[in-house]
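Undergrad: model this:
(chains A, B and C)
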Amino acid sequence: MSKSKSMIKKVTGFRLFLPLACLFLVLIINVIKTPSFFNITIQNGVLYGYIIDVINRGSELVIFAVGMTLVVAASGGTDISVGAVSALAGAVCCFVLSGGEQSTDFYHAPYLLGIIAAILIGMICGAWNGFLVAKLRIQPMVATLILFTAGRGIAQLITDGQMIYLRVDHFKMLGASIPGVPLPTPVFVAIIVVILTYILLKKTAIGLYIETVGCNSKAARLVGLNSTMIQFLTYTFCGICSGIAGLIITSRVYSIDANNAGLNLELDAILAVALGGNSLGGGKFSLLGSVIGAYTIQALTTTLYAMSISADQIPVYKAIVVVIIVTLQSPEFQKMRKALVAKISSGKTVKEAA
Amino acid sequence: MDNNAILTMRHISKNFPGVVALSDVDFTLRSGEIHALMGENGAGKSTLIKVLTGVEEFEAGNIRMQGMEHDIINKSPQMAQENGISTVYQEVNLCPNLSVAENLFIGREPKKAGMIDWKTMNKKSVEILGNLNIDIDVTRSLEHYSLALQQMIAIARAVDMSAKVLILDEPTSSLDEHEVEKLFQLMRQLKANGVGIVFVTHFLEQVYEICDRITVLRNGCLVGEYEVENLPRVQLVAKMMGKDFDDLSAIKKDQTACNKKECESIIEAKGLYHAGTIKPFDLVLKKGEVIGLSGLLGSGRSELARAIYGADKPDDGELFVKGTKILVSAPIDAMKHGMGYLPENRKEEGIIPELSVRENIVIALQAKKGMFKLLSKKEQEEFTDKYIELLQIKTASRETPIKQLSGGNQQKVILGRWLLTNPDFLILDEPTRGIDIGTKTEIQKLVLKLASEGMSVMFISSEIEEMIRTCSRMIVLRDGRKVGELEENELSQMSIMKAIAGGGENE
Amino acid sequence: MNKIKKMEGNQFLLMITILLFVVMYIVGIVVFHDKGFTKTQVFLNLLISNAGLIVIATSMTMVLITGGIDISVGSVVALTCMLLAWMMENKGIGAVPAVILVLLIGVVFGLVQGYLVAYMKIQPFIVTLAGMFFARGMTAIISTDMISIKNETFLSWAQAKMYMPFGGYVNKKGIIVNPYIYPSVVIALVILVLIFIMLKYTKFGRSIYAIGGNEQSALLMGLNVRRTKLKVYVLDGFLAAFGGFLFCLNTCSGFVEQAKGFEMEAIASAVIGGTLLSGGVGNVFGSLFGVLIKGTIETFINFQGTLSSWWTKITIAALLAFFIILQSVFAKAKEKKK
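TA: Below you'll find the model as predicted:
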């Protein structure tokens, strides 16, 4: 009995238990509700199916979640500007490549230049957020509120409030697929971002630094860490991620709609981090957890679509998930649970004694 | 039972996770007396007061107020106030954004037709403060006034709540002499009115000036209750510091590696100054010596160490390491010059709770090496195993989060963290506090061993016994100044206590 | 001189805001006087189109003073409008019971959010983020199509012009036209004043400031911190629904995308009006000026004609950045003094 108990404890204590359990739950619901969920077909050498769709559509969210994870871990706060920044990055990219024309079917500038411009603008936005949070010590949510408000405005300023269409087949590849490759390109981009970040965290000390600063910034300073610099870097990195995600979003629709690109994705990204078993208070984090969290959310979204629930209604279910997760995480709830367990077990011993 | 007692606390016990904060403590307060509650850090003074005022719950014991039939349990500060217990805390617990008048009256504002009557409130506030000879604009927000004034306002608030019991928890640490005198006048006046005052302070002079009785706590236990006139200063210090007679007497100091006079100096501070905590301070530290900093809480012993390490940037002064002047603007600079610092507050400044033992050990060395020179997993594990072995750290594994370890083992991990950086100069601020005797002994032995190998150590502790055993020289501080320096052969309980107690007129 | 010296940093921020509004308005008059910017009606339109926002910003100010935040308000406004439209048009419920019902829903909404913040100690941002999702999603569940309100009682409230006895001008036909407002403006301003009185003259109001100033101290001084916080979020839920009602009087319709970004406008208005995001300091009249500044920027863009709507967002964000940085500089200077 005690052995099975410790076994359960071991399994539930595993860091990725919660995110994996959630993902599993969503998939099981699918098996019951939509048996065709796991079907994969091949059309024109490209894989199709719900599951492919989840992995494909989830790519941007994974990239956002990677950046958000580091920001949350280092500062215990969230960057709510990521969606707006991605729209801005997309706008800059389209503007550079279209040469300012509203619709074009050839590049007006080298493709690479557009990519670099988008990532650079993401980086600048991230650095601005980082400056406000790390140097001026403004609460992260408030500091990033500025770009949250302005980001789309500036994007519209660049595109002059119009959609910019880039009807170049080459441009569509990033968001669709490269001929001859059976999987959509965004999947690869997401995987590359995750792997590069993973290597960065494992091959340098930055991961340890981030956890230390997020866990106990006073102690971090006394062991010689520069927490200002570390927080600044995580926000800058998050900005870069937003830039990359912005490129994919733009490429998917080969156009930029500054009002709707990446809309509400900041909320999904925060949710992915929380769902990944990461504390929103900062400190220890699991990149893999966030990635699983992101795919879980995408699976949930796709599932709800498959159950023909409209896009507008999905937030209700997401909200319920958020509340449940944060309540489970909250120290107050843990206290209540412990008190309850103690009560039950003491009741048991009394019974046994009797 | 004392008929005059307005407050009696009996057999109070309180545990924090892993620590016994109070164990079977009695406390009696009589009306019209000023009763000092004394003890070093961790003695349980604050906890006793928090229990009394309803900030913390307690597990066993009872509290009774005069005139009440039954035991009282204060579930919140609000209830304590209703029961006639007012408290002024060491940290000013007022709201800086509210006006002075509001801070005096919040929660009990005078009203007219259901609305707060600001006019009356301001008028009354002027009167209340007038009684204390304080003449300030009560409509300005509190944050505009000095800490001392804020403290006086907090006291005024507590007094005006017409309390039967007034608790003053280190109220004088931010007051100057003149203000202290004002406070004492007020206390005498209240005493004459029959109020019982609990006075927590670490200034011995003040105890002997104003108090009638002293209760001493140590390590969560009651040492005793004494009449002030029957307890000479030196004895009070002895009672507070305690004498843990453990097996430490077995430790013999080796002859230090070289003759100190000829040894090179490691650290030299000239005119080190930090506003409010240390007056300009000179200090020379030689290779292989263990220097002790002694003094009561708030004497500047920890603050001096922090200033040297750059934990709190000094306002003025120069620092030399091995003869060359260095600039320390953050701890990393000090580390690069071969320093290490084990902070006084292990929980808040030492451990990184969520991280593993391994990560806690390697973090300082890793920070010193820089971001891109990651210690390999193998190196990290080797280092960790080495220090777990060397310091006999009891942990389930290297990957156990440090927060799951006992206090003593956490402290050893932090010691390991600094030893791994191979420092020339190690500052240990209260390394043995809240740690079992066995571990204490180990740590003390280790300090001596390190010194014999040529490391310089600055050792700060509130336990005199262990200082005598480990230090080769001791500096005694009071009010941020050096008031005595004792060489190894002069070190004795008596000489140190005399230096700490100062004055000496009560002997 | 003495008076300037005595002026506190927060009042200084408020003064900057008021001054900014006055300067902007004067600039408007100078630049657009030929387009009729000088008319009293232009000013009154500021109030008319922002009546709902005034209530929301007032409520937001109160929440910010406790050191919290509520980003669900925009969605609650949308939900309120949708519920009102749906109940009156699709369910045939009368205007009065419909309004009472949505206000009750607002209270319940606030109660849940308040419980999670005050008693479960979850970050207000996260709680209200979930609230934002929930309310917006519920709006869509009720109806994904726009519902226009045709209920006569409701429309009569919405269209009841109240003419001012002054500031009239003679139009082309030679008839004197007096400027007007709608009842919603009066109600919004009354709520503003009531909240001002509550914050300044009641124990509850002062507790709000005390909690924002130093929660620990507030507790030690014997205030019931948790209950106060709960009450604040309940009141906030109520006011969000009420703001939604006033907003609905302007739009007379309910649809999913309504009042998007409203929460940010409310927060921006409060911050521009001198409310500190760290809590403890704030003035509802400052927030009123924050709203007016936002309205003036919009009016500029309307009058100018060639400037695009996104300039509103950019200008507000720039102002927000300016005030947030100013606050941080003030806070740092204060710390240094100590």
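Undergrad: test my guess that residue B:467 contacts residue B:493.
TA: No - in this structure residue B:467 lies outside contact range of residue B:493 using C-beta atoms under 8 Å: 9.8 Å. C-betas here are computed from N, CA, C, even on glycine.
Undergrad: which one's more surrounded, these two?
TA: Comparing residue B:467 with residue B:493 by neighbour count (other C-beta atoms under 10 Å in any protein chain shown), the higher total belongs to residue B:467, at 23 against 16.
Undergrad: check which helix or strand covers that one.
TA: Counting by DSSP states H and E, the secondary-structure element that holds residue B:467 is helix B:464-470.
Undergrad: again, but for residue B:8
TA: Residue B:8 belongs to strand B:5-16 when elements are defined using DSSP H and E.
Undergrad: so which elements touch that strand?
TA: Helices and strands touching strand B:5-16, by 3 or more C-beta pairs under 8 Å, 6 or more residues apart in numbering or on different chains; DSSP states H and E, are strand B:19-30, helix B:45-52, strand B:60-65.
Undergrad: pretty sure residue A:232 contacts residue A:137?
TA: No - look at residue A:232 against residue A:137 with C-beta under 8 Å: they stay out of range, at 11.9 Å.
Undergrad: okay, these two: which has more neighbours?
TA: Neighbours were tallied for residue A:232 and for residue A:137 using other C-beta under 10 Å; the higher tally belongs to residue A:232 (22 against 15).
Undergrad: how much space between that one and chain C?
TA: Applying C-beta to the nearest C-beta, to the nearest Å, the value for residue A:232 to chain C is 15 Å.
Undergrad: tell me the confidence at that residue?
TA: pLDDT, residue A:232: 97.
Undergrad: same question for the one 5 residues further on.
TA: According to the prediction, residue A:237 has pLDDT 97.
Undergrad: what residues are up against the residue nearest to the spatial centre of chain C?
TA: Central residue of chain C (C-alpha atoms, centre = their mean): residue C:57, 2.2 Å from the mean position. With contacts defined as C-beta atoms under 8 Å, 6 or more residues apart in numbering or on different chains, the neighbours of residue C:57 are C:265-266, C:269-270, C:273, C:287-288, C:290-291.
Undergrad: strand B:19-30 and the strand holding residue B:8, what's the angle between them?
TA: Taking axes from the mean of the first three to the mean of the last three C-alpha atoms, to 10 degrees, strand B:5-16 and strand B:19-30 form an angle of 180 degrees between their directions.
Undergrad: buried sites along strand B:5-16?
TA: For strand B:5-16, a neighbour-count test (16 or more other C-beta atoms under 10 Å in any protein chain shown) marks B:5-9, B:12-14 as buried.
Undergrad: and for residue B:371, the neighbour number?
TA: Counted with other C-beta under 10 Å, residue B:371 comes out at 17.
Undergrad: quick one, strands of chain C?
TA: Listed from the start of the chain, chain C has strands (DSSP state E) covering C:147-148, C:162-163, C:169-170, C:176-177, C:180-181, C:253-254.
Undergrad: closest to residue A:192 out of those strands?
TA: strand C:253-254 (44.6 Å; C-beta to C-beta).
Undergrad: partner strands of that closest one, parallel or antiparallel?
TA: Based on DSSP bridges, the pairing partners of strand C:253-254 within the sheet are strand C:147-148 (antiparallel).
Undergrad: please work out which residues outside the strand it pairs with touch it.
TA: For strand C:147-148, contacts defined as C-beta under 8 Å, 6+ apart pick out C:82, C:85-86, C:89-90, C:252-255.
Undergrad: now the two most distant members of the residues you listed.
TA: Largest pairwise distance in the contacts of strand C:147-148, by C-beta to C-beta, is 15.2 Å, between C:90 and C:252.
Undergrad: for those two, indicate the residue with more neighbours.
TA: Legend: neighbour count by other C-beta under 10 Å for residue C:90 and residue C:252, higher for residue C:252 (19 against 11).
Undergrad: nearest residue to the more buried one in space, please, no chain neighbours.
TA: Taking C-beta to C-beta, 6 or more residues apart in numbering or on different chains, and ignoring the residues beside it in sequence, residue C:252 has residue C:149 as its nearest neighbour in space, at 4.6 Å.
Undergrad: and residue B:195, by the same measure?
TA: Among residues not flanking residue B:195 along the chain, residue B:166 sits closest, at 5.6 Å (C-beta to C-beta, 6+ apart).
Undergrad: isn't the one you found right up against residue B:159?
TA: Yes - in this structure, residue B:166 sits in contact with residue B:159. The criterion is C-beta under 8 Å, and the distance is 6.7 Å.
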